[in-house]
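**Student:** Pasted the sequence and its predicted model underneath.
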Amino acid sequence: MNDPLSQKLIDIVRADPGLMHVLRTVRALGLPDWRLVSGAVYQAVWNARTGRPAGYGIKDYDLAYFDGSDLSYEAEDGVIKQVAAAFDEPFRSQVEVRNQARVHLWFENRFGEPYAPLHSTDEALGRFVAPTFAVGVRLEADDAITVAAPFGLEDVFAMLVRPNPNRPLAKGWARTVENARGRWPELTVVESV
């Protein structure tokens, strides 16, 4: 993505000390096909747009990676522990790690809808609950920040939350929206596709 909104997002991420700390730390771990995704990324934009301080309202940092070589829970748990050991508090408790190659194994039992296997971390973004949430960044070896956003970044910068048009409305939609509105009342929410 090499558009003006991607550059704005990159500038916002670079100005956020918490995001940069997480990105630098995770980059050093060498995880396969990793990205920092969703909340901490789009919420950084919302904070910049509303004049709130960096880090406001951010509850966690969602770290997605893709490793199809071992789909066992034990392998993922080993990565979770490796990532936790790389951070001090409060980040140790805030960085949440998920192997996107395993999501299809547990998603339906947890959320009640089928979930076909993925082939990459970026593919997972297209299945997120809302286009606004479907954004990920990675700090590359050359210090460039790459952006993945299958729906674009217009909703993120417009502070617009609408359901993902490519999947059923998520069961926790109302709770998710209320939670976000509680921290960013400026949001515009579209309840249906």
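**Tutor:** Alright, I've got the coordinates.
**Student:** Could you point out the helix or strand that follows the helix or strand containing residue 75?
**Tutor:** If you go by DSSP states H and E, residue 75 is part of helix 73-85. Following helix 73-85 in sequence order, the next helix or strand is helix 91-94 (DSSP H and E).
**Student:** In that next one, which residues are buried?
**Tutor:** 91, 94 (16 or more other CB atoms under 10 Å). The way it works is simple: take the backbone N, C-alpha and C, and place the C-beta from them, glycine included.
**Student:** residue ranges with poor pLDDT in this protein?
**Tutor:** 1-2, 193 (pLDDT under 70).
**Student:** List the buried residues of the helix holding residue 75.
**Tutor:** 76, 79-80, 83.
**Student:** Off-centre distance for it?
**Tutor:** 18 Å (CA atoms, centre = their mean, to the nearest Å).
**Student:** got it, and stretch 7-15?
**Tutor:** Going by CA atoms, centre = their mean, where stretch 7-15 is centred and where its chain is centred differ by 15 Å.
**Student:** Which residue, other than its chain neighbours, is closest to residue 53?
**Tutor:** residue 47 (6.8 Å; CB to CB, 6 or more residues apart in numbering).
**Student:** ok, residue 108 touching residue 114?
**Tutor:** Yes: with contact defined as CB atoms under 8 Å, residue 108 and residue 114 form a contacting pair (5.4 Å).
**Student:** Could you say which helix or strand holds residue 11?
**Tutor:** With DSSP H and E as the test, residue 11 turns up in helix 4-14.
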